[in-house]
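Colleague: below: sequence and its predicted model.
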Amino acid sequence: MGTKVEPGALDSFAKYVDELADGWNDKTTSDAVRMAESKEGDYNYPQLGDFGGAKTLTSTYEQKRADTAKSCGELYSALRGLAKATRKIADKYRSAEALNHANVGQIDKILGDNIKPPTTDPKNPDADPPSPPKP
C-alpha cells in the first residue's frame, strides 16, 4: 500500500513553504535577519570594552554571528528551493497517468536539482559538509 499525494496538496504545501521563507527573510519580524544585519553600536550587539579578553570575545562573537547568518541564508535558500521543487513535482505529476508512473528517483532528482545542500554540517561546523546519499 503506497502513499497517495494529490498535486493540489503539493501546491498548497509549496505556498506554505514560500510563506515560511517570506517570514524568515522579513526585515521587520525576522530575528535571523536582524541578527545578521546588526553591527557594533546596535542595542543588541555586545559592548564588551577594550581590554584583551573583550577583544577575543568580540572576535569569537563576530565569527559565530557570521556562521549563524550563513546558516540562516542557507535555510532560506533551502525553503525557496523546496517550494520550487514541490511546484515542479506537482506540475509534472498533475495527471492521474503521470502520477501512476511517478518514481522516487525522478522526484529525488527534482528535489536535488532545486535544493542546495548545506556548505557545513550544522551539528559540527568545523567538519566537512555531510555527503549526499548515494542512489
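Modeller: Done, it's in. Numbering: from 1, shown residues only.
Colleague: going forward, measure contacts and count neighbours with C-alpha atoms only.
Modeller: OK.
Colleague: quick one: buried residues of the lowest-mean-pLDDT helix or strand in the chain?
Modeller: Lowest by mean pLDDT, DSSP states H and E among the helices and strands of the chain is helix 31-37, with a mean of 75. Buried residues in helix 31-37, counted by 16 or more other CA atoms under 10 Å: 32, 33, 34, 36.
Colleague: close enough to count as contact, the last one and residue 67?
Modeller: So the one you mean is residue 36. No - look at residue 36 against residue 67 with CA atoms under 8 Å: they stay out of range, at 9.6 Å.
Colleague: rewinding a little: pLDDT of the helix or strand just after the least confident helix or strand of the chain, averaged?
Modeller: Sequence order places helix 52-92 as the next helix or strand after helix 31-37, per DSSP states H and E. Helix 52-92 comes out with an average pLDDT of 87.
Colleague: how far is whichever helix or strand comes after helix 52-92 from where the chain is centred?
Modeller: Using DSSP H and E, the next helix or strand after helix 52-92 towards the C-terminus is helix 96-100. Relative to its chain's centre, helix 96-100 lies at 30 Å (CA atoms, centre = their mean, to the nearest Å).
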